[in-house]
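Peer 1: only geometry, no sequence info:
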């Protein structure tokens with residue numbers, strides 16, 4: 001764990017004593033693709049830090065339906081809302097690919113926040129950014145047309161996850177539909193339209209953006 005304290009900005013303000021406190025109160029767990037990491041409505045006693053891999057966070061709804069709220073990559077925390085709220089998971093999370101998670105004792109984490117104002121300020125900024133992200137997603141679902149939502153997903157994986165115009169979707173078509181808040185059939189049909197319009201090239205799960213300009217326009221205008 002020591003290497004993350006020198007490479008991740010959020011930890012820069014921690015004292016040696018606080019770093020040692022975290023080191024003495026953490027567990028490291030490895031997950032295979034598809035493994036459940038945490039379950040909605042279950043108690044939580046730890047904050048999670050993704051050392052490697054990719055995590056899908058989703059809401060379990062009625063009639064066995066799911067809404068994917070976010071995809072979180074390595075070097076990010078999960079569960080900051082637990083710091084100041086009820087200690088129950090409001091969402092579920094699973095590994096999209098082989099993933100390694102550091103579990104940091106929640107009480108230890110809270111004590112460090114109380115002791116270290118600079119660290120607390122950083123945490124509040126992240127919670128605020130997460131809130132804005134979820135709010136924007138809700139707005140997108142209610143205001144954007146489906147092509148705009150799917151273009152946004154393509155852009156997200158291209159820029160935020162893989163840093164490439166060509167990548168392989170790490171999710172199934174059903175999961176991608178859940179991320180876009182639509183049906184699997186509608187998602188597949190829209191992808192096919194993008195391909196026919198030469199906006200993307202599509203081969204199985206492999207996507208190559210052929211017109212980044214159009215993807216950006218669809219993302220912005222919906």
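Peer 2: That came in fine, so what should we check first? Treat the numbers as computed from the prediction; the structure is a model and nothing was measured.

Peer 1: Would you map out the domains in the chain?
Peer 2: Taking automatic domain parsing as the criterion, the chain consists of the domains 2-131, 144-221.

Peer 1: Could you pull up the mean pLDDT of the shortest one?
Peer 2: To tie it back to what came earlier, the one meant is domain 144-221. What domain 144-221 shows for mean pLDDT is 94.

Peer 1: gap between residue 120 and residue 112?
Peer 2: Look at residue 120 and residue 112: by CB to CB, to the nearest Å, they are 8 Å apart. Every C-beta, even on glycine, is put in place using the N, C-alpha and C of the backbone.

Peer 1: What residues of stretch 102-116 count as buried?
Peer 2: Residues of stretch 102-116 classed as buried by neighbour count (16 or more other CB atoms under 10 Å): 102-106, 108-109, 112-113, 116.

Peer 1: What of stretch 57-64?
Peer 2: Within stretch 57-64, the residues that qualify as buried by neighbour count (16+ other CB under 10 Å) are 57-58.

Peer 1: contacts for it?
Peer 2: Residues from elsewhere that reach stretch 57-64, judged by CB atoms under 8 Å, 6 or more residues apart in numbering: 40, 66-72, 78, 90-94, 178.

Peer 1: of the residues you listed, buried ones?
Peer 2: Among these, the ones that count as buried by 16+ other CB under 10 Å are 66, 68-72, 78, 91-94, 178.

Peer 1: Make CSV out of these and add distance to residue 202 and secondary structure.
Peer 2: Formatted as CSV, the buried ones among the contacts of stretch 57-64 follow (distance: CB to CB, whole Å; DSSP: H, G, I helix; E, B strand; the rest coil):
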residue, distance to residue 202, secondary structure
66, 24, strand
68, 20, strand
69, 25, strand
70, 24, strand
71, 20, strand
72, 25, strand
78, 31, strand
91, 30, coil
92, 29, strand
93, 28, strand
94, 25, strand
178, 19, helix
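
Peer 1: Could you find which two of those are furthest from each other?
Peer 2: Farthest-apart pair in the buried ones among the contacts of stretch 57-64 is 78 and 178; separation 18.2 Å (CB to CB).

Peer 1: roughly how far is stretch 99-118 from the heart of the chain?
Peer 2: The chain centroid and the centroid of stretch 99-118 are separated by 19 Å under CA atoms, centre = their mean, to the nearest Å.

Peer 1: State the mean pLDDT of it.
Peer 2: Mean pLDDT, computed over stretch 99-118, is 92.

Peer 1: Could you list which of the buried residues of stretch 102-116 belong to strands?
Peer 2: 102-105 (DSSP state E).

Peer 1: quick one: the helix or strand containing residue 49 to chain centroid distance?
Peer 2: Under the criterion of DSSP states H and E, residue 49 resides in strand 46-52. Chain-centre distance of strand 46-52: 12 Å, with CA atoms, centre = their mean.

Peer 1: Quickly run through the sheet partners of that strand, with directions.
Peer 2: Strand pairing for strand 46-52, using DSSP bridges, gives strand 77-78 (antiparallel), strand 99-105 (antiparallel).

Peer 1: Which among the ones you listed is found nearest to residue 53?
Peer 2: strand 99-105 (2.7 Å).

Peer 1: got a list of contacts for that closest one?
Peer 2: Residues from elsewhere that reach strand 99-105 (CB under 8 Å, 6+ apart): 1, 4, 22, 25-31, 35, 37, 45-55, 78.
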